[in-house]
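Engineer: Task: produce atomic coordinates for the following.
(chains A and B)
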Amino acid sequence: MMAPQIRGDATRRAFVNARLIDPAAGLDQQGGIIIADGRIVAAGPSVSGASAGAGTPVADCRGRLLIPGLIDMRVFTGEPGNEHRETLASASAAAAAGGVTTMIVMPSTDPVIDDAALVDFILRRARDTAIVRVAPMAAITKGLNGLLMTEIGTLKEAGAVAVTDGRRAVTNARVFRRALAYAKDFGMLVVQHVEEPELATGVMNEGEVATRLGLPGIPVAAEVIMLERDLRLVELTGAPYHAAQISSATALEVIRAAKARGLPVSCGASINHLTLNEHDVGAYRTFYKLSPPLRSEADRKALVDGVRDGTIDVIVSSHDPQDADTKRLPFAEAAFGASGLDTLLSAALILHHTGEVGLPRLVETMTAAPAALLGLETGRLTPGAPADFVIVDLDRSWQVRDEDLKTRSKNSPHEHRTLTGRAIETVVAGRSVWRSPVASTDS
Amino acid sequence: MTQAAESPSPTPPPILKSRHILSIAPLSREEIIAVLDLADRYVELNRQIRKKQSVLSGRTQINLFFESSTRTQSSFELAGKRLGADVMNMSVSTSAVAKGETLLDTAMTLNAMQPDLLIVRHHASGAAELLARKVSCAVINAGDGQHEHPTQALLDALTIRRRLKRIEGLVVAISGDVAHSRVARSNLLLFQKLGAEVRLIAPSTLLPAGVDRLGAAIYRDMREGLKGVDVVMMLRLQLERMSGAYIPSTREYYRFYGLDADKLAVAKPGALVMHPGPMNRGVEIDSGVADGVQSVIREQVEMGVAVRMAVLDALARNLPGGGNR
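Structural biologist: Below you'll find the predicted structure:
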């Protein structure tokens, strides 16, 4: 079955005088790209205004960064079922503003995306309403009930790029073992929320801060136990496995050891866990109530190391829009989750500005790495690839204000912060879907 | 065929070394071929109007079935009766009884009745083996759990040999619920002993651990596995494994592992289609294929009676006073 296609722009255009970073090609140098028919025709140092050919509109990037459009591997929306929180359209607007050209949406909707017809629904709604690419993950188990496997082969044919139970872990080891074995036959990546629910009944990181706040904690062990169990099953089945997000230094060590043993394992971390820690919860600020919870500064630093050395494969926004009804509550009663599409790129650039992670590696975790895990043809600037890219002004400062965010739910943990670096133009299939309010590229 | 119309010679030579047929595993290639040769003669006999023989005259055969099975039980019953044995059917309900105890208790009771041949089907692997140690008659395993079903493998071999004139060098694909199939285990062993190349096709969830060490090539992709094969043997998918546990649904199973004309097209032209029955049409096999020109499924039933006659005959020869008629 052919997935519905996004609207593109076939116009031939050139973008020159940019700093090109394309981790898939190992590229980091001055140059430009030429696009036509929604695809990249040429990319590299030799592309200039002169080489574009007469009649081709040329945009001067004035030395700014030009990178593949970001692929965000963990995006929750409210469509279908909770459109007041977020639709595919509103999420895609936030994505475009945040430099994200492909959203991998989670199946945790109402109804749950656990059937080929619902995968098709998402793809068609995305084609008709979204301005960036949308690729759905389907559920591992029917209704996310953790018991009965979904039709993984049929879901793949319908266009699902991986399977996951979203915010839930598949806790039944027998079910998870079979799902891994079965998904492997169809080349489907299994993505797990690594948290043992019986240990994760608290609301923030277990430890001194939680104790001082009088809040029940979630121990690191909740994450590590599920992860280690899963890795045994990965060893048993040989099936590719992705831990959606890890939050702790211990889990990082477990992943590192598993990779050293040659297991087909990968993992992600949310940009929140890489830039924030449990102290940000401060005075019971519910926008920092996340699952997994924000951990200690030592954990955060370890995760950053993990990004740098490749133990953590991908950085995600973990965009999880929640409305006032679920967030303006006492901390313990509020919902988990933070919105993050608008700020993914800018927040990730914090790691660049602090010198914690180099730009090429940072870009890789949000482009080439997720593309490779999911078998996508985007996430690169190589000729023939879709013309999905972002022009970034690394030094542009902006304040995160609710009214400027495109997401329908404003639960951003970065609200009121000033971030440095921003997407000034986002292009999907050759079509500009976002231009920063201040003048962007000069034609 | 005049030869087949005759009775076996007055003092038939023994063809099996063992007193029982509990599995294919201990049988030699020569023993298997001898059984098939004898079965060939019974096929011809069964096509005569006068089918009755006296090979088992005076013998008592008990069909002890702890699992219901119309097909196998009636096949053994008919085989025994055609050879002149007194046949008794015992269907034992397993509900509410401690199973191991029931099995041995029943065995001792039956043994006291002095049977000569005991045909047993049981839901537990190894049940036939256990029974054979406790009784003084010959035991034929008619299916024990997920272990073996030797007469099914023999009848499958007979069907193929009569159709394709050989077994050595053939490529035989066994497709479906390999993990839980005694038919798959017996057939794998038998066809390997006779020099065929065996392939196993199933999703990983229906393949048992260590299956890659059984000498067969393993395929998770049915189209790949069926490429160029001479024979496709489909396995029955048990109802309780159909939804969400081992496979997501019958719909998805049929799509990827159901034998339809499309998938069969990659096998060798004219490849035989087999199924031990009873079939789940539209689950593991398409009706058009099951009833199509390549299907030998009904022939398997006919061969079943002949093979069971051959096995009963062969075992009777090893009984005390065996070979008499």
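
Engineer: how about the nearest residue to residue A:24 once chain neighbours are set aside, what does it touch?
Structural biologist: If the residues on either side of it in the chain are set aside, residue A:24 comes closest to residue A:380, at 3.6 Å by C-beta to C-beta, 6 or more residues apart in numbering or on different chains. Where C-beta positions appear, they are placed from N, C-alpha and C, glycine not excepted. Contact analysis of residue A:380 by C-beta atoms under 8 Å, 6 or more residues apart in numbering or on different chains lists A:22, A:24, A:25, A:68, A:367, A:368, A:371.

Engineer: Relative to residue B:159, which of those residues is nearest.
Structural biologist: Checking the contacts of residue A:380 against residue B:159 with C-beta to C-beta, the nearest one is residue A:371 at 51.4 Å.

Engineer: shouldn't the closest one be in contact with residue A:23?
Structural biologist: No. Using C-beta atoms under 8 Å, residue A:371 makes no contact with residue A:23, being 9.9 Å away.

Engineer: ok so, going back, sitting in helices, which of the contacts of residue A:380 do you find?
Structural biologist: A:368, A:371 (DSSP state H).

Engineer: Need the phi and psi values for the residue in the stretch 301-443 of chain A that chain B sits nearest to.
Structural biologist: Closest approach between the stretch 301-443 of chain A and chain B, counting by C-beta to the nearest C-beta: residue A:375, at 17.1 Å. Phi and psi for residue A:375, reported as degrees, to the nearest 10, are phi 70, psi 40.

Engineer: Chain neighbours aside, what residue packs nearest to it?
Structural biologist: Counting by C-beta to C-beta, 6+ apart, the residue nearest residue A:375 is residue A:161, at 7.3 Å.

Engineer: Quick check: residues of chain B near chain A?
Structural biologist: Within chain B, the positions adjacent to chain A are B:203-205, B:220-221, B:243-249, B:251-252, B:255-256 by C-beta under 8 Å from any C-beta of the partner chain.

Engineer: For chain A, state which of those is nearest.
Structural biologist: Nearest to chain A among the residues of chain B next to chain A, counting by C-beta to the nearest C-beta, is residue B:244 at 2.7 Å.

Engineer: ok so, going back, so which of the contacts of residue A:380 is the most crowded?
Structural biologist: Counting neighbours by other C-beta atoms under 10 Å in any protein chain shown, the top entry in the contacts of residue A:380 is residue A:68, with 33 neighbours.

Engineer: Let me know whether that one touches residue A:364 as I believe.
Structural biologist: No. Between residue A:68 and residue A:364 there is no contact under C-beta under 8 Å: 9.5 Å.

Engineer: Name the residues contacting each of the two.
Structural biologist: Listed as contacting both residue A:68 and residue A:364 by C-beta under 8 Å, 6+ apart are residue A:24.

Engineer: Nearest to chain B: which residue in the stretch 51-200 of chain A?
Structural biologist: Relative to chain B, the nearest point of the stretch 51-200 of chain A is residue A:148 (2.7 Å; C-beta to the nearest C-beta).

Engineer: Surely that residue and residue A:140 touch.
Structural biologist: No. If you go by C-beta under 8 Å, residue A:148 and residue A:140 don't touch, sitting 9.8 Å apart.

Engineer: Could you check how far residue A:110 is from residue A:130?
Structural biologist: In this view, residue A:110 and residue A:130 are 19 Å apart by C-beta to C-beta, to the nearest Å.
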